[in-house]
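Trainee: A structural model of the following input is requested.
(one chain, ligands or ions: 1)
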Amino acid sequence: MKIITSMNILRQEIQKHKDSVGSIGFVPTMGFLHEGHLTLADEARKQNEVVVMSIFVNPLQFGPDEDFDRYPRDIDRDRELAENAGVDILFIPDAKEMYPDELSVTMTVHKRIDVLCGKKREGHFDGVVTILAKLFHLVQPSRAYFGLKDAQQIAVVEGMVEDYFFPVEIVRVPTVREEDGLAKSSRNVYLSESERKEAPVLYKSLKEAAQMIESGKMSVDAVVIKVRDILQNETSGKVEYVEAYSFPQLSPVDDLTGEVIIAVAVQFEKARLIDNIIILLNEEGKSACLEQ
Ligand code: AMP
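Mentor: Purely as a prediction, here's the structure:
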């Protein structure tokens with residue numbers, strides 16, 4: 001595995017691969033790798049000749065009151081995990097490399113952000129698309145891999161790729177979970193012991209929601225209320241949102257067909273956890289649990 005910190009060297013390396021082999025699979029991350037990230041790398045390994053992973057804690061996507069400074073980092077461990085996952089090129093730039101100067105042209109997301117995490121995390125998705133536009137130009141991937149755990153991120157990135165004709169296929173990868181159902185996340189290390197015990201209820205409530213819709217007993221609106229009740233009663237955290245939308249448009253679910261996302265966010269003392277489930281509602285109102 002090659003470790004590259006300079007964007008010029010990355011460019012040269014990518015050019016070499018472009019001239020000789022076929023597809024490049026790209027896995028952008030913020031590091032502190034866990035099985036979720038490694039599953040993205042596995043998928044990329046299966047479908048491409050070359051796998052590039054980036055590790056960059058992007059300051060632009062953190063708000064002033066968010067956890068940029070204390071975001072967990074462990075580059076030595078990450079290097080070993082990436083190498084074992086079959087990554088060919090690990091790109092670890094610093095902030096000066098990615099943002100050498102103040103940007104003279106900025107990117108602003110207009111759709112799919114007035115709901116879920118976008119409502120509270122002002123500017124977050126602008127930061128996400130900015131760094132991804134830069135990385136997509138450098139890496140020139142045929143496919144880029146994203147986890148459905150961050151479903152709104154996928155929705156926004158798919159919008160950017162469509163609007164700006166990025167020649168990359170966005171591959172959605174199902175959420176990887178702990179045995180008790182908690183979605184793996186670099187931020188889980190912030191949970192206290194008792195919060196960690198409560199945390200699987202996020203997924204448990206979502207699975208119950210999917211079952212309630214599937215059985216045809218409850219409307220999506222009623223299910224949202226039910227999930228909020230479960231989370232309020234069974235966690236010490238503050239329920240930030242329980243919302244349901246069409247996916248990936250993230251518009252209100254007026255017509256009960258197609259893909260519907262039910263997503264939750266709970267603020268614990270030091271960690272804010274998110275999770276979601278996507279169900280496919282067919283013409284008869286029946287549902288199938290999709291992808292996760
Ligand atoms: P992050 O390092 O948190 O920015 O995540 C990098 C990529 O890994 C994003 O596409 C995430 O959606 C994905 N990811 C994070 N956690 C998981 C998980 N538990 N399962 C699947 N993908 C994940």
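Trainee: ok, the residue of the stretch 101-250 of the chain found nearest the ligand to Thr39 distance?
Mentor: Closest to the ligand within the stretch 101-250 of the chain is Gly147: 2.1 Å, counting by C-beta to the nearest ligand atom. Using the backbone N, CA and C atoms, a C-beta is placed for each residue, glycine as well. With distances taken as C-beta to C-beta, to the nearest Å, Gly147 is found 8 Å from Thr39.
Trainee: Same drill for the two, tell me which one is more crowded.
Mentor: Per other C-beta atoms under 10 Å, whichever of Gly147 and Thr39 has more neighbours is Gly147, with 23 against 19.
Trainee: Tell me the confidence at the more buried one?
Mentor: On pLDDT, Gly147 comes in at 98.
Trainee: With Gln61 instead?
Mentor: 97.
Trainee: That one: what's it in contact with?
Mentor: Neighbour list for Gln61: 123-128, 131 [criterion: C-beta atoms under 8 Å, 6 or more residues apart in numbering].
Trainee: so what sits against both of Gly147 and Thr39?
Mentor: Common neighbours of Gly147 and Thr39 (C-beta under 8 Å, 6+ apart) are 173, 176.
Trainee: Surely Ile262 is in a strand?
Mentor: Yes. Counting by DSSP: H, G, I helix; E, B strand; the rest coil, Ile262 is found in a strand.
Trainee: which residues touch it?
Mentor: 206, 209-210, 220, 223-224, 227, 242-244, 276-277, 279 are the contacts of Ile262 under C-beta under 8 Å, 6+ apart.
Trainee: What are the buried residues along stretch 167-177?
Mentor: Under the neighbour-count criterion of 16 or more other C-beta atoms under 10 Å, stretch 167-177 has 168, 170-173, 175-177 buried.
Trainee: From Gly22, how far out is Tyr71?
Mentor: Tyr71 is 35 Å from Gly22, by C-beta to C-beta.
Trainee: Give me the more crowded residue out of the two.
Mentor: Tyr71 (16 against 10).
Trainee: Beyond whichever strand or helix holds Gly127, next helix or strand please.
Mentor: Gly127 is located in helix 124-139, with elements delineated by DSSP states H and E. Per DSSP H and E, the first helix or strand lying C-terminal to helix 124-139 is strand 143-147.
Trainee: any low-confidence regions in the stretch 151-292 of the chain?
Mentor: Applying pLDDT under 70 to the stretch 151-292 of the chain flags residues 254-256, 283-292.
Trainee: where does it come near the ligand, residue by residue?
Mentor: For the stretch 151-292 of the chain, the residues in contact with the ligand (C-beta under 6 Å from any ligand atom) are 173, 175-176, 183-186.
Trainee: try 8 Å
Mentor: For the stretch 151-292 of the chain, the residues in contact with the ligand (C-beta under 8 Å from any ligand atom) are 153-154, 173-177, 183-187.
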